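mind looking at a prediction? Sequence and model below.
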Amino acid sequence: MFFAPYLALLALSSSQDPAVSKPKADPFEATIKATKYAYKLDKDGDYSVEIQWDDEKRSQLIFIRGAVEKITEPMTTEVATREVWSVCWKGKERPSAEVLEKLLTKHYKFGAFQVEKGEGGAWSAYYRVDIPGNASSAYIRQAIRIAAEAADNMEKELLGTDEF
């Protein structure tokens with residue numbers, strides 16, 4: 001009985017402590033902020049960045065996976081990667097042989113084009129770069145730029161539009 005008022009007071013004071021109620025800060029958010037690109041964070045914890053080229057009046061939307069994926073192989077240490085990608089083509093049908101050939105024959109030093117059939121049955125092609133989970137802001141900035149340019153160039157070649 002003697003301790004009950006003190007326990008109630010302790011419970012009340014800890015529930016009002018801002019350190020207790022604040023969600024844990026994402027260290028990656030500080031890294032992406034340091035790239036100096038404006039970004040948005042979605043409800044899934046993924047980031048998006050829009051790159052604009054004023055001289056061509058074009059833009060490209062790039063996505064960065066918020067969570068890292070751990071890759072573990074026998075006899076090696078664990079490696080964490082993060083995806084950076086940008087869409088360059090979408091369609092309801094499987095891409096034509098011509099589209100696939102263009103995607104397969106374009107090479108960049110960093111990343112590659114991929115084609116995927118989504119859950120709803122729609123197809124998409126995108127440029128994807130896998131980066132280290134602990135990549136620096138300079139590394140991430142470069143990955144964003146390369147993904148944006150590769151996807152935008154391919155979008156221009158395949159569609160002649162600026163949809164993505």
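Sure, I can see it. It should be emphasised that the depicted structure is a prediction, and the values quoted were computed from it without experimental measurement.

so where is the chain shaky, pLDDT-wise?
Counting by pLDDT under 70, the chain contains low-confidence ranges at 1-26, 75-76.

if we use 80, what do you get?
1-27, 54-56, 72-78 (pLDDT under 80).

and the longest helix seen in the chain, what does it pack onto?
Criterion DSSP state H: the longest helix present in the chain is helix 137-158. Contacts defined by 3 or more CB pairs under 8 Å, 6 or more residues apart in numbering; DSSP states H and E place helix 137-158 against helix 27-33, strand 47-53, strand 58-64, strand 79-91, helix 97-105, strand 123-132. C-beta coordinates here come from the backbone N, C-alpha and C atoms, glycine included.

so who does the residue most central in space within the chain touch?
Against the mean C-alpha coordinate of the chain, by CA atoms, centre = their mean, the closest residue is Ile64 at 0.9 Å. Ile64 makes contacts with 32, 39, 46-49, 82-84, 140, 144, as judged by CB atoms under 8 Å, 6 or more residues apart in numbering.

can you pull the contacts of Pro27?
Contacts of Pro27 (CB under 8 Å, 6+ apart): none.

ugh, typo on my part, it should be Ala150
86, 88, 106, 108, 111, 113, 127.

for the third one, grab the count of nearby residues.
Looking back up the chat, that one is Lys106. A total of 15 residues lie near Lys106 under the criterion other CB atoms under 10 Å.

in this structure it contacts Ala125, no?
No - when contacts are counted by CB atoms under 8 Å, Lys106 is not listed as touching Ala125 (10.9 Å).

overlap in contacts, the two.
113, 154.

need the buried ones from the contacts of Ile64 selected in ChimeraX.
This is the ChimeraX syntax for the buried subset of the contacts of Ile64, where burial follows 16 or more other CB atoms under 10 Å:
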select :32,47,49,82,83,84,140,144
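
any idea how far Cys88 is from Leu158?
Distance of Cys88 to Leu158, computed by CB to CB, to the nearest Å: 7 Å.
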